[in-house]
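**Q** I would like the atomic coordinates for the input below:
(chains A, B, C and D)
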Number of protein chains: 2
Amino acid sequence: MNIGEVAARAGLPAKTIRYYEDIGLITPPRDANGYRRFRESDMHQLAFLARARALGFTIENCRALLALWQDKARASADVRRIAEDHLAQIAIKIADLQAMQDTLTHLVDCCAGDERPDCPILVSLGAGSAPHKDGQID
Amino acid sequence: MNIGEVAARAGLPAKTIRYYEDIGLITPPRDANGYRRFRESDMHQLAFLARARALGFTIENCRALLALWQDKARASADVRRIAEDHLAQIAIKIADLQAMQDTLTHLVDCCAGDERPDCPILVSLGAGSAPHKDGQID
DNA sequence: CTTGACCTTCCATTGACTGGAAGCCCCATG
DNA sequence: CATGGGGCTTCCAGTCAATGGAAGGTCAAG
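**A** Presented below is the predicted three-dimensional model:
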C-alpha cells in the first residue's frame, strides 16, 4: 500500500502520516523507488493513532499507548493511568471553557448589540479604567 | 513605570508584554536608556488585553476589541458579534471535549486497572485489529 | 568598584501539524 | 516514443501565543 491509500483508509492526511514517521511513531519500509510501503500492521498502527488522537491524547501519550498495545505483558493499570490523567486534563479544560462561556454569555446578554457605542462587554474588559483620552495624565 | 511593575500590575509576564509590543498591540515610548516607559494608558490597555485573553479571545480578536474600545463611535453590535462568534467556538470546543470525556470515562470504567494485560481501552483504540504479531501476513 | 536586580535584543523551541516548492516515478494516451 | 497528469519524495517555512535562554547594557545600594 502506498501512502495515499493508507491515508484514505486511516482517515489521516498523507502529510500527517509522514510526520508520524518523522517522529518515530511508525516505521514503514521503502520500495526500491523510495516510496513508503505500508504493511497491514502499519495500517493498524495508524488507525490506532487516529483514534487515540481523536480522543485528545497527546502524541507522547499515543506513543506510550502504542507501546503498551504492542506489549503483551502490559498491565492494564498502566493504560488506565494514562487515560485517567488525560481525563483530568480534559475536565480542567472543560471547566475553564465553561467559566469563559458563563462570563461571556452574561456579557453578551447584557449588550444591546445595536448602533450605539455603550457596551457592557467593553466596560467589563476595561474593568473600571477608561480607554486613553487626549490630555489624560500618565 | 518600567516593564517589571507593569507586569506585576497587569498580571502578565514581562516576556508577554514585550511580545504584545512586537505584534503592535501596545506602543509604549522609550526612555533615554532604551527602557520602555509605560503610561497609565498602556497599563490600562494591558489590563484590557489580559482580561480579553483570559476569556479566550484570540490575539486578533483582542486587537479588534481594543480598537473598538478606543473608538468612541463604535457600534456595540460590532463588539457583540465578535463575542458571539467566540462563544460559538467555545461551545464547539466544549462539545468536542465532552464527547472525548464521555467515551474515555466509559472506557476507564470498563478497565480493571490491575496487573493483567486485558484492557478495553486498548481494544477500543485498536478497534478490531490486533497489534503486530510475528509472522502476521502483511 | 562591585554586586545584583532589572532591562535590552535576538534566536530557538514548544505541539501537531500544514502549505508549498522542486523534483522523481509511473501509467495511460496519442 | 513523447507527454501529461497524478502520486510520491524531500526540505523549508509558517501556524498560534507565547516561553526559554544567551549575551550584554543600566542603575541603585553598599
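
**Q** A:Leu49: which element?
**A** helix A:40-54 (DSSP states H and E).

**Q** return whichever helix or strand comes after that helix as PDB; C-alpha atoms alone will do.
**A** Heading C-terminal from helix A:40-54, the first helix or strand you meet, by DSSP H and E, is helix A:59-70. Extracted as PDB, the C-alpha positions of helix A:59-70 are listed here (Å, rounded to 0.1, in the frame of the first residue of the first chain):
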ATOM      1  CA  ILE A  59       1.500  12.500  20.700                       C
ATOM      2  CA  GLU A  60       3.600  11.400  23.600                       C
ATOM      3  CA  ASN A  61       0.700   9.600  25.200                       C
ATOM      4  CA  CYS A  62      -0.100   8.000  21.900                       C
ATOM      5  CA  ARG A  63       3.500   6.800  21.800                       C
ATOM      6  CA  ALA A  64       3.100   5.200  25.200                       C
ATOM      7  CA  LEU A  65      -0.300   3.700  24.400                       C
ATOM      8  CA  LEU A  66       1.000   2.200  21.200                       C
ATOM      9  CA  ALA A  67       3.900   0.600  23.100                       C
ATOM     10  CA  LEU A  68       1.500  -0.800  25.600                       C
ATOM     11  CA  TRP A  69      -0.700  -2.000  22.900                       C
ATOM     12  CA  GLN A  70       2.200  -4.000  21.400                       C
END
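
**Q** tell me which residues in helix A:59-70 are buried?
**A** Across helix A:59-70, burial judged by 16 or more other Cβ atoms under 10 Å in any protein chain shown covers A:Asn61, A:Cys62, A:Arg63, A:Ala64, A:Leu65, A:Leu66, A:Leu68, A:Trp69, A:Gln70. Every residue, glycine included, has its C-beta placed from N, CA and C.

**Q** next: stretch A:18-32.
**A** Applying 16+ other Cβ under 10 Å to stretch A:18-32 flags A:Tyr20, A:Glu21, A:Leu25, A:Ile26, A:Pro28 as buried.

**Q** next, the contact list for the residue in chain A positioned nearest to DNA strand D, please.
**A** Here the residue of chain A nearest DNA strand D is A:Gly4; by Cβ to the nearest atom of the strand that distance is 2.8 Å. A:Gly4 is in contact with A:Ala14, counting by Cβ atoms under 8 Å, 6 or more residues apart in numbering or on different chains.

**Q** now, which of the buried residues of helix A:59-70 sits nearest B:His86?
**A** A:Asn61 (28.8 Å; Cβ to Cβ).

**Q** contacting residues around the closest one?
**A** Applying Cβ under 8 Å, 6+ apart, the residues near A:Asn61 are A:Ala52, A:Ile82, A:His86.

**Q** near chain B, from those?
**A** The residues of the contacts of A:Asn61 that also fall near chain B, by Cβ under 8 Å from any Cβ of the partner chain, are A:Ala52, A:His86.

**Q** is there a quick ChimeraX command that grabs whichever of the contacts of A:Asn61 are buried?
**A** Buried residues among those (16+ other Cβ under 10 Å), as a ChimeraX selection:
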select /A:52,82,86
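
**Q** pLDDT and distance to A:Leu97 for the contacts of A:Asn61 - can I get that in a markdown table?
**A** As requested, the contacts of A:Asn61 are arranged in a markdown table below (pLDDT from 0 to 100; distance: Cβ to Cβ, whole Å):
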| residue | pLDDT | distance to A:Leu97 |
| --- | --- | --- |
| A:Ala52 | 97 | 22 |
| A:Ile82 | 97 | 23 |
| A:His86 | 97 | 16 |
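
**Q** and which of the contacts of A:Asn61 is nearest DNA strand C?
**A** Closest to DNA strand C, out of all of the contacts of A:Asn61 and judged by Cβ to the nearest atom of the strand, is A:Ala52, at 9.4 Å.
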